[in-house]
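Visitor: Need the 3D shape of this:
(one chain, ligands or ions: 1)
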Amino acid sequence: MKKFLLSVCTFMICACQSEVLPPAALLPVPDENQLAWHEREQYAFVHFTVNTFTDQEWGYGDENPAVFNPMEFDAEQWVTTVKNAGLKGLILTCKHHDGFCLWPSVYTEHSVKNSPFKDGKADIVKEVSDACRKHGIFFGIYLSPWDRNCAQYATPEYLTYYRNQLTELLSNYGEVSEVWFDGANGGNGYYGGARENRHIDNKTYYDWPNTHAIVRKLAPHAVMFSDGGPDIRWCGNESGFAGETNWATMPDSIYAGKPNVETVLNAGSENGNLWLPAEVDVSIRPGWFYHATEDAKVRTPENLLKLYLQSVGRGANLLLNLPPDRRGLIHENDVKALTEWKKLLDATFATNLADHAKASSDKYRGSSKQYAAQNVTDGNKETYWATDDGVTEGSIEIDLGKPQTLHYISIQEYIQLGQRVKNFDVEVWKDNAWMKAATGTTIGYKRILPLNAVESSKIRINITDARACPLISNIAVY
Ligand code: FUL
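Guide: Sure, this is the predicted structure:
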């Protein structure tokens, strides 16, 4: 018996000694909804309302619903275009600043129900959300807080109106995965006939916490976007780029003592106490709404690839706007650009040369295989390479087997335990020596850097500084 107990104890001691504990989380970390959001990477925005028919960007709020008549409207065409472009979802402007509702809201007459389209029986939100579900992409809503049609705007009653509409959208159209709260606010408008200037205090008027609570209750898996969150932040511009340094973390008030809010939004904040990653919203055309005069100004496939690298390639998500035309269709020129872009993306990122390639490192956590470099090429996002606590640098070498032409490297941190890397570089083996091929600051969910078609058989990633021991879950080379 004694002997048996002794061997059990010895076994337990050995087992304990060989287990190396994972690093503690470096706060803040993403919650489940935010993690799911990171993985969506790129999706479509759709701006459509009376503006499409009046050739405006911001409707005044006095537009006659009679102008809204997209005779060839086809939700399937929108959704299949989005899906074929490799975009994972669609966020629809259910109501833009002009106040016109794309669904027959019971709280206003200013909607599709008073348009000639389908004799006032249309519900664009329903058709689009149904098509998204049918084709397996997510659906999101944009409900403008600023409403230039509503007589109550700028009074406390408007909040009830706004929240009623939000409740309608979150109750009647199935799962909503993202709710977009626009930051444009106040100014002149129709306001039920008053035709005047109305200003609100953006920080207090909307009483956001109580509106957010409605979303949490009715759409518990949705993420909410606004300039400053609560789940996703604006990237600080509408030109299509996140910062080359891009922290998913932010201080709890983006306005607190920050003179250059846009700059902070663009780069995030290394010591921020909130997980608040950036979303890059940008249009495929100069405007957010369709204008025939912009038919020749659709972004080229090459420019769309650039946007992808400046957003997804910098750890942000890409929200690409596609404005349907007056027929109610995504215009041929836009479809063509998207199709070519998808081809370009597929061709560029088709073959991961590092897939299951041999990987080694100068050090790894507790010398335990559990944290070895092989984890970065195993295709499993749950495994990662890590160093010991307090060690904030380290190198991973990947053997590509034979000389290859290298165009891009993609690196991912295991953000479940926090964003850590502050500086890194990439070297390639050239003429029997290591040669620097790229440098970067942050990595985050994903960082893609060009390697400019260099020829090499080996690549080395050197993490040179981090907020805590670095954790790399994936490295891909194209
Ligand atoms: C801005 C709005 O004013 C634009 O019209 C557009 O909707 C864009 C996405 O956000 O704040």
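
Visitor: Please make it C-alpha for all contacts and neighbour counts, starting now.
Guide: Fine.

Visitor: Torsion angles phi and psi at residue 351?
Guide: With angles defined as degrees, to the nearest 10, residue 351 sits at phi -120, psi 110.

Visitor: let me redo that: residue 453
Guide: Torsion angles, degrees, to the nearest 10, at residue 453: phi 60, psi 40.

Visitor: same question, residue 452
Guide: Dihedral angles of residue 452 (phi, psi; degrees, to the nearest 10) stand at phi 50, psi 40.

Visitor: same question, residue 471
Guide: According to degrees, to the nearest 10, residue 471 has phi -130, psi 110.

Visitor: again with the one 5 residues further on
Guide: Backbone torsions for residue 476, taken as degrees, to the nearest 10, come to phi -130, psi 150.

Visitor: so what's it bridging to?
Guide: residue 410 (DSSP bridges).

Visitor: Residue of the stretch 101-250 of the chain nearest the ligand, please.
Guide: Closest residue of the stretch 101-250 of the chain to the ligand, CA to the nearest ligand atom: residue 184 (4.6 Å).

Visitor: Report the contact partners of the nearest residue to that residue once chain neighbours are set aside.
Guide: In this structure, residue 184 finds its nearest non-sequential neighbour in residue 146, 6.9 Å apart by CA to CA, 6 or more residues apart in numbering. Residue 146 makes contact with 96-97, 99, 153, 184-186, according to CA atoms under 8 Å, 6 or more residues apart in numbering.

Visitor: again, but for residue 350
Guide: Residue 350 sits next to residue 478 when contact means CA under 8 Å, 6+ apart.

Visitor: and the spatially most central residue of the chain, backbone torsions?
Guide: Centroid-nearest residue in the chain: residue 317, 2.6 Å away (criterion: CA atoms, centre = their mean). For residue 317, the backbone dihedrals (degrees, to the nearest 10) come out as phi -100, psi 150.

Visitor: got a pLDDT number for it?
Guide: At residue 317, the model reports a pLDDT of 99.

Visitor: what do you get for residue 4?
Guide: pLDDT at residue 4 comes out at 47.

Visitor: now swap in residue 261 and tell me
Guide: 89.

Visitor: Same check on the one 10 residues further on?
Guide: The per-residue pLDDT reported for residue 271 equals 94.

Visitor: How about residue 253?
Guide: The model's pLDDT for residue 253 equals 76.

Visitor: How many residues are close by it?
Guide: 13 (other CA atoms under 10 Å).

Visitor: Report the secondary structure state of it.
Guide: Following DSSP: H, G, I helix; E, B strand; the rest coil, residue 253 is assigned to coil.

Visitor: how about it, what does it touch?
Guide: residue 228.

Visitor: and the contacts of residue 146, which are buried?
Guide: Applying 16 or more other CA atoms under 10 Å to those, the neighbour count classes 96-97, 99, 153, 185-186 as buried.

Visitor: Among these, find me the one that's closest to residue 235.
Guide: Distance ranking of the buried ones among the contacts of residue 146 against residue 235, using CA to CA, places residue 185 first at 18.1 Å.

Visitor: tell me the phi and psi of the closest residue to that closest one other than its chain neighbours?
Guide: Nearest non-adjacent residue to residue 185, counting by CA to CA, 6+ apart: residue 146, 5.2 Å away. Backbone torsions for residue 146, taken as degrees, to the nearest 10, come to phi -80, psi 130.

Visitor: Make sure residue 57 is indeed in a strand.
Guide: No: under three-state DSSP, residue 57 sits outside any strand and is assigned coil.

Visitor: Could you check how far residue 57 is from residue 409?
Guide: Using CA to CA, to the nearest Å, we find residue 57 at a distance of 39 Å from residue 409.

Visitor: Could you check which of these two is surrounded by more residues?
Guide: For residue 57 versus residue 409, the count of surrounding residues by other CA under 10 Å is larger for residue 409: 23 against 19.

Visitor: The residue of the stretch 101-250 of the chain closest to the ligand: what secondary structure?
Guide: What three-state DSSP gives for residue 184 is coil.

Visitor: and what of residue 435?
Guide: Residue 435 - assigned by three-state DSSP - is strand.

Visitor: since we're on it, how many residues are nearby?
Guide: The local packing of residue 435 (other CA under 10 Å) involves 14 other residues.

Visitor: quick revisit: would you check which pair of the buried ones among the contacts of residue 146 lies furthest apart?
Guide: 96 and 153 (13.8 Å).

Visitor: Between these two, which contacts overlap?
Guide: With CA under 8 Å, 6+ apart, residue 96 and residue 153 have common neighbours 146-147.

Visitor: Can you show me the helices along the stretch 251-400 of the chain?
Guide: In the stretch 251-400 of the chain, the helices defined using DSSP state H, counting those that start in this stretch lie at 261-267, 301-311, 332-348.

Visitor: List the buried residues in the first one.
Guide: Spelled out, it's helix 261-267. For helix 261-267, by 16+ other CA under 10 Å, it's 262, 264-267.

Visitor: And the longest one, by the same measure?
Guide: Along helix 332-348, these residues count as buried under the neighbour rule (16+ other CA under 10 Å): 334-345.

Visitor: Give me the mean pLDDT for it.
Guide: 98.

Visitor: follow-up on the earlier one: just put the helices of the stretch 251-400 of the chain in a markdown table and tack on distance to the ligand.
Guide: Formatted as a markdown table, those follow (distance: least, CA to the nearest ligand atom, whole Å):
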| stretch | distance to the ligand |
| --- | --- |
| helix 261-267 | 13 |
| helix 301-311 | 16 |
| helix 332-348 | 18 |
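
Visitor: Would you mind listing where this structure has pLDDT under the threshold?
Guide: 1-18, 255-259 (pLDDT under 70).

Visitor: Contact residues of it facing the ligand?
Guide: 182-184, 288 (CA under 6 Å from any ligand atom).

Visitor: which ones are touching residue 429?
Guide: 435, 456-459.

Visitor: Torsion angles phi and psi at it?
Guide: Main-chain torsions, residue 429, degrees, to the nearest 10: phi -80, psi 120.

Visitor: residue of the stretch 301-450 of the chain with the smallest distance to the ligand?
Guide: Residue of the stretch 301-450 of the chain nearest the ligand, by CA to the nearest ligand atom: residue 321 (8.1 Å).

Visitor: do the stretch 251-400 of the chain as well
Guide: Using CA to the nearest ligand atom, the single residue of the stretch 251-400 of the chain nearest to the ligand is residue 288, 5.9 Å away.
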